[in-house]
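Asks: Predicted coordinates and the sequence they were generated for:
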Amino acid sequence: MSERKTWLLFLSLVFVVVLAACGGNNEPADAGTNNNEAETNNTSESNNNEANEAAGENSEGDYSLAEDQTLIFARGGDSVSLDYASVTDGESSRVTEQIYESLLKFDEDSFEIGPGLAEDWEVLDDGLRFVFQLREGVTFHDGTDFNAEAVKINFERWADPDHEYHFADEGYTYSVYGTQFGGFKGDDGHVIEEINVLGDHEIEFVLNESLGAFLQNMGMSYFSITSPAAFEEYGSAINENPVGTGPFKFVSWSKDDSIVLEKNEDYWLEGYPKLDGVIFQVIPDNSARLTALRSGEIDIMDGLNPDDVEQIEADPELAVFERDTNNIGYLGFNLDKEPFDNPDLRRALNHAIDKETLISLLYAGLAEPATNIIPPSYMGYNDSIDPYAYDPDLAKELLEEAGFGDGLEFDLWTMPVARPYMPDPERAAEVMQANLADVGVTANIVSMEWATYLERTEQGEHDIFMLGWSGTNGDPDYFFGNLLHSGAIPGGNRNFYRSDEVDSLLNQAKNSVDEDERAELYKEVQEIVHEDAPMIPLVHSIPVLAGSERVKNYVPHLSTSEPLTNVELAE
Amino acid sequence: MESVTPVKKQPMPGPENQEPHITETESISPWKEAFWQLRKNKLAIVGLFIIIFFIMIAIFAPFLTSYSYQTLNAADRLQGPSAQYWFGTDDLGRDIFTRIVYGARISLMVGFFAVTGALIFGSFLGILAGYFGRWVDMLISRIFDIMLAFPSILLAIAIVAILGPSLQNALIAIAIINVPIFGRLVRSKVISIRQEEYIMAAKAQGMKNGRILFHHVLPNSLAPIIVQATLGFGTAILEAAALGFLGLGAQPPTPEWGRMLSDSRQYIQSAPWTVLFPGLSIMLVVLGFNMIGDGLRDALDPKMKN
């Protein structure tokens, strides 16, 4: 008897090992619909052909359209809020890009601005006055008309803490508005003097100081337009009940699982969107997400392990999509906490991190080591800065000089989900933990849920943390202003870096319209920041996504996300 | 009722009960006899060797390998087993053999402390419940029932979720979930011993409860406890690995086997050795403890004697 038990045990252990292989597999909630769809495809071929003929005029390639045009987009973490201006995470804007639109719109593959909700615009008085001609006949998803008054209400809502839709009492803050437009109503640096409704579809922005990135800002997803009627109806619950003008309408959101959107039949762009619906599915584990893609449960996945790129390229059923480098992954210090207020310590630790090894271990080469916080392609990138070289001996020496010769112990916070700038944050933390151990520093890795992580780092509860930033308007100010300006506390500046010098240089650069002058100012900022070392810039990565061959016309935008207006599914 | 059912649960009166007779007539202690029995059981001996093997590995870990379990090596990442890296390297270029060897320390330590903790608390509560009966038994047994109502790993996850993920907390959680298992065993054993004449004799002599409990009752309940402890060792290691796999146990860079499995599972196709060796190690250790446990049970069970 005992022998049989032993064998049973043996078998069960083998089973455990096998289970390990497929662990963490999160079944998408609607995997069933996909299967059903496959069946109907087989049984009703004639219907299918009709559908193809109907759609034929739009599809340019030599493929026929699938009957079910619902795209399932899988990602590692859930959105934090669907009130786009109050959060800065990419998982939120990925969804709000579908529901909302801004006055201007970026090109499909660059940060060139073009018409969005505004058909035309004029720059007057040397960049102190902007007049936008708004698109007519556009309606919000709740049926109300989009007009100049709606634009005005949205901007006033962000700018004025006393505005009835600012929801300050519910804890809403709009840090990106503050950093992009120099503050809020009543602040010294706030550039938007007044907003005048000139007609039903004509609106004027008057600035009290020029702002180099004003038009660029107007294209950002942070400054999209919400239906004023929805503010009235939902109040502060607007973050769970988004109503915009975009190609897709919000249907439902089950937290940490999926967000369902359906086609906006009344979309102003005739014949678009192509898809009938989009489902954003959360599958936290990278390999489980890839398994789901291979089995056809999902159509596109973000957060691909760079290691898997080769395999996917070899698979005729799958395709790899690359975004251009436009981000920074960094290790930040909390300058409000001892001993990280000591710049000598921060500089010493800068020498302790081996970025090259990090890249070859975790990015499969799809990244470059970072010196500054803006990507090298950006205006004002300072390439004369001598990066902190990886040198554990020097790091040790500097640590000793700074008074930490006996070692140092702290918590190293890491994100729980794959980010575009960091495909496997927990592993990356382990690499840095090993680097730090080499110089006698003990880092205890701490991880928590994504939304909690963002909230607690914003509150400054961390010692050292990992995070990153992706450009969403192509302007260097978006990086500097949000990560290093003291005005972005609490907000994007989770290093709690406060430098009057940097603040004033950044304000100057922001308000200048002369590109050369701006570039010079940013270069100066980078020198100061390099010296102060509030963070360790790690990498600029090339984020990779994978998708099924069926997905057509999908062009990943340089920013973290893109509207799926043109995308369609082939059979 | 309470005093009748346990007798059914424990049909075999342990060999120890006749201890005075045996020692007088044959002069062979039941423990010696059990050892003879055990030696005849080949599987148990194999198990014993496996465990001794892993214990040696754990003790002499630093002498078995020239690598550190934490040092990264980007150039040699995901290398297959070779003369240089006996078990290959993982995705961070760390030597898997080294990590397995140091991981043996973690796993054996978890098994030891979790079982010891559960044993001490479980036995104590079990003795109290079994010896005093009535409301004490009622209270303790119902607490055990409540704990056993949850699947053990779920309870462990809940406990770690409250305490925070770390090796120490995982160890505490595993100890806690094993308390009722030992407790119930001891309780039923104690209830049957309580009826014995020698206990009554002790009571009649005016012996204090504490002395009766620890000098007469406990030593006579040892056999099933030893068997359960040995088997529990294996279970505890498996549970620690499961918690590690879920990221709730040992935190990096601790080379815990379960954690190694989960960290490497995305490479199961491209670099199977990264999961094979940690998996095998868990399997072998647990198998070893179960084989000894089974052998011990057979050896200590008078019904199995020929």
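Replies: On my side now, so go ahead.
Asks: ok, now how distant is the spatially most central residue of chain B from residue B:55?
Replies: Nearest to the mean C-alpha position of chain B, counting by C-alpha atoms, centre = their mean, stands residue B:233 at 1.7 Å. To residue B:55, residue B:233 is 11 Å away according to C-beta to C-beta, to the nearest Å. To be clear about C-beta, it is placed using only N, CA and C from the backbone, and glycine gets the same treatment.
Asks: before we move on, what about residue A:244?
Replies: Taking C-beta to C-beta, one finds residue A:244 at 65 Å from residue B:55.
Asks: And for residue A:522?
Replies: With C-beta to C-beta as the criterion, residue A:522 and residue B:55 are 62 Å apart.
Asks: Look at these two and report which has more neighbours.
Replies: residue A:522 (23 against 16; other C-beta atoms under 10 Å in any protein chain shown).
Asks: Run a quick neighbour tally on the nearest residue to the more buried one once chain neighbours are set aside.
Replies: Once flanking residues are discounted, residue A:522 sits nearest to residue A:380: 3.2 Å by C-beta to C-beta, 6 or more residues apart in numbering or on different chains. Burial measure for residue A:380: 22 neighbouring residues, criterion other C-beta under 10 Å.
Asks: May I ask which helix or strand encompasses residue A:380?
Replies: Using DSSP states H and E, residue A:380 falls within no helix or strand.
Asks: what's the distance between it and residue B:182?
Replies: 68 Å.
Asks: quick check, residue A:319 in a helix?
Replies: No - counting by DSSP: H, G, I helix; E, B strand; the rest coil, residue A:319 is not part of a helix but strand.
Asks: right, and it touches residue A:552 too?
Replies: No - look at residue A:319 against residue A:552 with C-beta atoms under 8 Å: they stay out of range, at 10.1 Å.
Asks: how about the residues of the stretch 151-300 of chain B that lie near chain A?
Replies: Residues of the stretch 151-300 of chain B lying near chain A by C-beta under 8 Å from any C-beta of the partner chain: B:238, B:245, B:247, B:251-253, B:261-263, B:265-268, B:270, B:275-276, B:279-280, B:282-283, B:286-287, B:290-291, B:294-295, B:297-298.
Asks: If any of those residues are buried, give me the PyMOL selection for them.
Replies: Buried residues within these, by 16 or more other C-beta atoms under 10 Å in any protein chain shown, are selected in PyMOL with:
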select buried, chain B and resi 238+245+247+251+252+253+261+262+263+265+266+267+268+275+276+279+280+282+283+286+287+290+291+294+295+297+298
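Asks: Now, the residues of the stretch 151-300 of chain B next to chain A that are in helices?
Replies: Counting by DSSP state H, the part of these found in helices is B:238, B:245, B:261-263, B:275-276, B:279-280, B:282-283, B:286-287, B:290-291, B:294-295, B:297-298.
Asks: how about the strands in the stretch 451-571 of chain A?
Replies: A:464-470, A:535-541, A:544-548, A:551-552, A:568-569 (DSSP state E, counting those that start in this stretch).
Asks: can you put those in a markdown table and add mean neighbour count?
Replies: Converted to a markdown table, the strands of the stretch 451-571 of chain A look like this (neighbours: other C-beta atoms under 10 Å in any protein chain shown):
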| stretch | mean neighbour count |
| --- | --- |
| strand A:464-470 | 25 |
| strand A:535-541 | 25 |
| strand A:544-548 | 23 |
| strand A:551-552 | 18 |
| strand A:568-569 | 22 |
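Asks: From residue A:409, how far off is residue A:477?
Replies: Taken as C-beta to C-beta, the span from residue A:477 to residue A:409 is 37 Å.
Asks: Against the centre of chain B, work out the most remote residue.
Replies: Chain B, farthest from centre, C-alpha atoms, centre = their mean: residue B:75 at 40.1 Å.
Asks: That one reaches residue B:93, doesn't it?
Replies: Yes - the criterion here is C-beta under 8 Å, and residue B:75 meets it with residue B:93 at 7.0 Å.
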